[in-house]
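Visitor: Here is the input, now give the coordinates:
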Amino acid sequence: MAVKRWNGTAWEVYAGADLAPVKVTDGRVGKTTFIGATSPTGQVDGDIWIDQDTTTNAVVPTALTTKGDTFVATGNAAYTRLAAGSNGESLFADSSTNTGLRWQGDYNTGKNKILNGDFSIWQRTISYTPTNSNTQYGSADRWMTFYNGSAVGTNTVSRQTFTPGQTAVPGNPTYFIRTATNGSATQNATDYYQRVEDASTFAGQTVTLSFWAQASNSGTIALYVDQNFGSGGSATVEPTITASAANFTTTWAKYTATVTLPSISGKTVGSGNFVGFRIRNFSTLTNGTFDIAQVQLELGSVATPFTTATGNQANELAACQRYYEKSYSQGTNPGSAVFAGISGNASGADSTGYTACVTTFKVTKRTPPSIVVYDTSGNINKVTSFRNDGTNTANKTGTVDPVSDTAFRIYETGTLKNGLFYHYVADAEL
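Guide: Residues are numbered from 1 along each chain as shown. Just a heads-up that it's a prediction; the model follows:
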C-alpha cells in the first residue's frame, strides 16, 4: 500500500516510495483523500491517494484467494502468494524454489502406530489356512484375522507381491495381504485386526486410520476400536465407527476413518492392555478375495502419506520381534527340518544325564514368552543331541525352564551327548 499526493501534475509517493513512516500534512479543508487501487480522477493539488495497489510492496488481502494461502518473500523486497498445500502436508524450507518454501507430505518416523503396516514381515509363514473363526495370529507379523461364515477352514491368508512400477498404490510398496475364500462356502465378514500395546495410546484424542484396499465383492467398510485394559483391568470400551458412505471395489482405493477415543481417566489398567483396531469388510465372499496395503494409524483428523512405524525394515523387524521371534531364517517356516539358524551349545566331554543350554533373545520381549522348540528334523517340543564324533540324535525331549523376557533355558536328560541343537519360537503377543 502506498500513500500518494497529487502535485498538480502527477501522483507522487510520500517519503521515498513507502520506505519510511509518513506524516500526512496536506489534508486541508476542501481537499479529498482517495482510498483504492484505481487511479482517482478529478483530483486537485494537495489531494491524498492511499493507493491499494497490487504491485511491489503492496500487501493486498484480496490476493489470497484460497483458505490457507500465505504471503512469502521472493527476495528484492518483493513477495508472492504461496497457495495452501494439500491436507496433511507440512511446510518445509527449500532454497531451490522461488519462495524458499515448499509443501510436502509428512514422513515423520513414529507417527504411525501400526507395526508392519506395509506387510513386509512374515515370520510365521507367508501363506496359511486358519483353523476356526476366532480372531487369531498366523500370517503377517502383528496382524490377526477373523472370519464369520461357513468359509472358515477354506480361507487362505497369504503375502502378495505388487508388480514393480505399479502406480495404483503410491510409494512403491512391495507386499500386501490377501484373504481368499475357496470352494462353495460363503463368508459374511472378513477382518484384519491389530492390537497396539498400551490402552493409553491416543486416549481422549482424535485419530485417523488409513489404508488401501480392494475386494472381488463390494462390501461396506467398518472400523472397530476397542480399549482393552488388560488382566485385572476395567471392562473393555468399544467406540465404533462405520464408514457407511464408502464401499470396497475391485480396484485399489484409499480409505480413511476418523474416531475420537475415550479418555481412560478413572480406569484400572492391568497387564497386557492395548487398543485394538479392526478393519472389516461386510460382504458375501464365495471364491472371493479381500486385499489391504499400507495401513496407518496417526494422531489427528487428516490421513498423511504412509510411512512404516519405525522408518526402516531392520527397525520394523526388531519392533515385531518384541512380540514374536524365531531362530529360523526369515524365509523359513517354523518346524522346518533345517540346520540354518540353529541354537544350542556344547558341554565339552560326553555326559550322560542333565545337559542344559541357555538362549538369549534377539530382542527383549514384551513379557516372558511362551516357548516352542523343534529338533533338527522339525519335530515339535523335541531337541537333537549331538556328539563330537558327528553323531546327531533327534526326537529327544527338551524341557524349557525358566523363561524370562530376555532368555530361556532348555535341558535334556538321559542321553550320551556333548550338547544340544534346537530351533525355537518365542511368542509374547498381546
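
Visitor: ok, now how distant is the closest residue in space to residue 367 that isn't next to it in sequence from residue 336?
Guide: The spatially closest residue to residue 367, leaving aside those adjacent along the chain, is residue 428, at 5.2 Å (Cβ to Cβ, 6 or more residues apart in numbering). Backbone N, C-alpha and C define where each C-beta goes, glycine included. For residue 428, the distance to residue 336 equals 22 Å [Cβ to Cβ, to the nearest Å].

Visitor: Which of the two has more residues huddled nearby?
Guide: Each of residue 428 and residue 336 has its neighbours counted (other Cβ atoms under 10 Å); residue 428 has more, 21 against 16.

Visitor: so what's that one up against?
Guide: 322-324, 365-370, 405 (Cβ atoms under 8 Å, 6 or more residues apart in numbering).

Visitor: residue ranges with poor pLDDT in the chain?
Guide: Within the chain, the stretches with pLDDT under 70 are 1-3, 14-30, 37, 52-62, 151, 153, 183-186, 240-246, 284-285, 346-352.

Visitor: Grab the longest helix from it for me.
Guide: Ordering each helix of the chain by length in residues (DSSP state H) puts helix 313-321 first.

Visitor: Show residues contacting that one.
Guide: For helix 313-321, the external contacting residues (Cβ under 8 Å, 6+ apart) are 115-116, 120-121, 123, 141-142, 308-310, 330, 361-363.

Visitor: farthest pair in those?
Guide: Maximum pairwise distance in the contacts of helix 313-321, criterion Cβ to Cβ, is 22.3 Å, between 308 and 361.

Visitor: out of these two, which sits in the busier spot?
Guide: When residue 308 is set against residue 361 and neighbours are counted by other Cβ under 10 Å, the residue ahead is residue 308, at 22 against 19.

Visitor: OK, contacts around the more buried one?
Guide: 112, 116-118, 120, 316.

Visitor: ok, and the most crowded of those residues?
Guide: Within the contacts of residue 308, neighbour counts (other Cβ under 10 Å) peak at residue 117, which reaches 26 neighbours.

Visitor: one step back: could I get the buried residue list for the longest helix of the chain?
Guide: Buried residues in helix 313-321, counted by 16 or more other Cβ atoms under 10 Å: 316-317, 319-321.

Visitor: Output these as TSV; include the columns distance to residue 36.
Guide: Formatted as TSV, these follow (distance: Cβ to Cβ, whole Å):
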residue	distance to residue 36
316	61
317	66
319	62
320	66
321	69
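
Visitor: For residue 203, state which of those residues is nearest.
Guide: Using Cβ to Cβ, residue 319 is the member of those that lies nearest residue 203, at 21.3 Å.

Visitor: Distance of that closest one relative to residue 178?
Guide: 23 Å.

Visitor: repeat for residue 356
Guide: For residue 356, the distance to residue 178 - Cβ to Cβ - is 43 Å.

Visitor: These two: which has the busier surroundings?
Guide: residue 178 (20 against 16).

Visitor: how about the CA coordinates for the longest helix of the chain, as CSV?
Guide: What follows is helix 313-321, C-alpha atoms only, in CSV (Å, rounded to 0.1, in the frame of the first residue of the first chain):
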residue,chain,number,x,y,z
GLN,A,313,12.9,-52.6,7.7
ALA,A,314,15.6,-53.5,10.2
ASN,A,315,13.9,-51.5,12.9
GLU,A,316,10.5,-52.7,11.9
LEU,A,317,11.6,-56.4,12.3
ALA,A,318,13.1,-55.7,15.7
ALA,A,319,9.8,-54.0,16.8
CYS,A,320,7.9,-57.0,15.7
GLN,A,321,10.3,-59.3,17.5
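
Visitor: Which SSE is immediately downstream of it?
Guide: Per DSSP states H and E, the first helix or strand lying C-terminal to helix 313-321 is strand 324-326.

Visitor: What are the contacting residues of that next one?
Guide: With contacts defined as Cβ under 8 Å, 6+ apart, strand 324-326 is touched by 123-124, 137, 141, 334, 361-363, 365, 369, 423-429.

Visitor: hmm, try it at 7 Å
Guide: Strand 324-326 has contacts (Cβ atoms under 7 Å, 6 or more residues apart in numbering) with 123, 141, 334, 361-363, 425-427, 429.

Visitor: Among those, which are located in strands?
Guide: Members of the contacts of strand 324-326 lying in strands (criterion: DSSP state E): 425-427.

Visitor: Let me know the closest of the residues you listed to residue 202.
Guide: residue 427 (26.1 Å).

Visitor: wait, the closest one sits on residue 370?
Guide: Yes: judged on Cβ atoms under 7 Å, residue 427 makes contact with residue 370 at a distance of 4.9 Å.

Visitor: Would you mind telling me which of these two has more residues around it?
Guide: Legend: neighbour count by other Cβ under 10 Å for residue 427 and residue 370, higher for residue 427 (15 against 12).

Visitor: Now do the contacts for residue 72.
Guide: 79-80, 82, 99, 101.
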